[in-house]
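Enquirer: generate coordinates for the sequence data below:
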Amino acid sequence: MLQTPLIEYHRSAGGRLVDFAGWEMPVVYTSIIEEHNYTRRHATFFDVSHMGRVEFSGPGAAALLERLNTRRIGDMAVGQCRYSHMCREDGGILDDVIVSRLEDGYLVVCNASNREKLLAWWQQQSAGQDVVITDRTFETGMVAIQGPEALETLDQLLPFRVSELKRYHFKTGEVLGATYYAARSGYTGEDGIEIILPAPVALTAVSLMLERSAELGRPVRAAGLGARDTLRMEAGMPLYGHELSEEWDSITAGQAWCVDLSKDFVGRAALQRVKEHGPARVMVGLELDGRRAARQGAAVQLDGRTVGVVTSGSHSPTFDRPLAMGFVEPRLAQPGTAVQVDLRGTPVAARVAKLPFYKRGK
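Expert: Down below sits the predicted model:
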């Protein structure tokens, strides 16, 4: 099993380690609810070193990424990053990625479960083009610091003012001889940054951050994959393998905002057809009665007939109630529409809700 540069920290901090996409990752340290609430109120750090980090360079890099991404890439300025999808010709989603414009190329951050698939696809798509694709995943580490106190705390710990970075912009630099990349982005619904740095210094850097934040009286604490999942679901953020899949397209998945049909890209014709005819199902939020949480695959029903499916579900620590994301027939997508969710043979009353459930500052 693959291990991140922070594996020794996870073990010493009592993290419960699980196999996640072939990586040994901490799912929880204390409790998911405690880590979730601490992120919403203060700041936590997540080890996201398992995510793929791949650089594209060479004269053909911009044109290749323009063709592979649903978002426009060629007009990005150095220091800017963009969320995008990469799709098959039939519109099926290969992955959702973050593309960053470096001075001498591009950085693509992808999901751990899709890295090897994408590397093979990228090599195939770049055949005969002047592009160099370099996988930096194993020589770097990556952490996300998230929460309302994250930026103010990091302003005092890092060699630049994080709070002056615009959303979806990044800065690179060098500290103690190590090159870093820091982007104002994240996957929790909170403000914060994601930092990439050389693997050999990752453990020392994180340990120093935790120690110095505690000295400031604003301790950053560790959070695991469990809290990351409940946080992103409350914020209505899709997860590959749940809301995103090769089996359906970006528009059906409720991500039409990251599809630019005014440019050419792999899968454009298929997505154009979906836009013209309308998706066969729509991504919505679901609020369930009672205390039982829905799980992925649970049927959404109306009058005993299946009209949709749950893609993600859990008990929401912020709202103290079961929430879910899922697909329903377009006619049922209006917020407030009454449906039922089949929880192992028991129909539970639910209502369609607008996503996201949670917005920062509300």
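
Enquirer: in the stretch 1-150 of the chain, which spans are helices?
Expert: Along the stretch 1-150 of the chain, the stretches classed as helices by DSSP state H, counting those that start in this stretch are 7-12, 32-41, 61-68, 115-125, 150-155.

Enquirer: now do the next helix-or-strand element following the last one: which elements does it pack against?
Expert: Moving toward the C-terminus from helix 150-155, the next helix or strand (DSSP states H and E) is strand 170-175. Identification of packing neighbours for strand 170-175 by 3 or more C-beta pairs under 8 Å, 6 or more residues apart in numbering; DSSP states H and E yields strand 178-183. Using the backbone N, CA and C atoms, a C-beta is placed for each residue, glycine as well.

Enquirer: could you check the angle the strand it packs on makes with strand 170-175?
Expert: In terms of direction (axes from the mean of the first three to the mean of the last three C-alpha atoms, to 10 degrees), strand 178-183 departs from strand 170-175 by 160 degrees.

Enquirer: and the next element down the chain from strand 178-183?
Expert: Going down the chain from strand 178-183, the next helix or strand is strand 192-198, by DSSP H and E.

Enquirer: by contact count, what packs against that following strand?
Expert: Using 3+ C-beta pairs under 8 Å, 6+ apart, strand 192-198 sits against strand 140-146, helix 150-155, strand 178-183.

Enquirer: surely residue 235 meets residue 356?
Expert: Yes. When contacts are counted by C-beta atoms under 8 Å, residue 235 is listed as touching residue 356 (4.9 Å).

Enquirer: what touches both of the two?
Expert: Residues touching both residue 235 and residue 356 (C-beta atoms under 8 Å, 6 or more residues apart in numbering): residue 189.

Enquirer: those two - which one has more neighbours?
Expert: Ranked by neighbour count (other C-beta atoms under 10 Å), residue 235 and residue 356 place residue 235 first, with 19 against 16.

Enquirer: quick one, what contacts that one?
Expert: Contacts of residue 235 (C-beta under 8 Å, 6+ apart): 188-189, 356-359.

Enquirer: filter the residues you listed down to the buried ones and express that as a ChimeraX selection.
Expert: The buried residues among those can be selected in ChimeraX (16 or more other C-beta atoms under 10 Å) with this line:
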select :188,189,356,357,358
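
Enquirer: and residue 307, how far from residue 11?
Expert: Look at residue 307 and residue 11: by C-beta to C-beta, to the nearest Å, they are 46 Å apart.

Enquirer: repeat that for residue 309.
Expert: For residue 309 relative to residue 11 (C-beta to C-beta), the value is 38 Å.

Enquirer: who's more crowded, those two?
Expert: The residue with more neighbours, out of residue 309 and residue 11, is residue 309; 17 against 12, by other C-beta under 10 Å.

Enquirer: strand partners of the host helix or strand of the more buried one, parallel vs antiparallel please.
Expert: Using DSSP H and E, residue 309 maps to strand 305-316. Taking DSSP bridges as the criterion, strand 305-316 pairs within the sheet with strand 299-302 (antiparallel), strand 321-328 (antiparallel).

Enquirer: now do it: everything it contacts.
Expert: So strand 305-316 is contacted by 229-230, 233-234, 239, 242-243, 281, 283-284, 286, 288, 291, 293-301, 321-329, 332, 339, 341, 357 (C-beta under 8 Å, 6+ apart).

Enquirer: rerun at 6 Å
Expert: Strand 305-316 is contacted from outside by 230, 233-234, 242-243, 293-296, 298-300, 322-329, 332, using C-beta atoms under 6 Å, 6 or more residues apart in numbering.

Enquirer: please pick the buried ones from these.
Expert: 230, 233-234, 242-243, 293-294, 296, 298-300, 322-329, 332.

Enquirer: using the record's assignment, carve the chain into domains.
Expert: For the chain, automatic domain parsing gives the domain ranges 2-49+138-232, 281-362.

Enquirer: could you dump the ones you listed into TSV with distance to residue 132 and mean pLDDT added?
Expert: Shown next, in TSV, are the domains of the chain (distance: least, C-beta to C-beta, whole Å; pLDDT from 0 to 100):
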stretch	distance to residue 132	mean pLDDT
domain 2-49+138-232	16	96
domain 281-362	37	97
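
Enquirer: got the angle between the strand holding residue 309 and helix 32-41?
Expert: Using the same axes, to 10 degrees: strand 305-316 against helix 32-41 is 80 degrees.

Enquirer: quick check, distance from strand 305-316 to the centre of its chain.
Expert: 20 Å (C-alpha atoms, centre = their mean, to the nearest Å).

Enquirer: spatially nearest residue to residue 174 (excluding sequence neighbours)?
Expert: Excluding its sequence neighbours, the residue lying closest to residue 174 (C-beta to C-beta, 6 or more residues apart in numbering) is residue 180, at 7.2 Å.

Enquirer: contact partners for residue 79?
Expert: Going by C-beta under 6 Å, 6+ apart, residue 79 touches residue 169.

Enquirer: typed the wrong thing, it's residue 146
Expert: Here residue 146 is in contact with 39, 186, 188, 190, 192 (criterion: C-beta under 6 Å, 6+ apart).

Enquirer: which among those residues gets closest to residue 69?
Expert: For the contacts of residue 146, the closest approach to residue 69 (C-beta to C-beta) belongs to residue 186, at 20.5 Å.

Enquirer: and for that closest one, the neighbour number?
Expert: 25.

Enquirer: got the contact list for it?
Expert: By C-beta under 6 Å, 6+ apart, the contact set of residue 186 is 144, 146, 192.

Enquirer: isn't the first one up against residue 46?
Expert: Yes. The pair residue 144 and residue 46 qualifies as a contact (C-beta atoms under 6 Å) at a distance of 4.5 Å.
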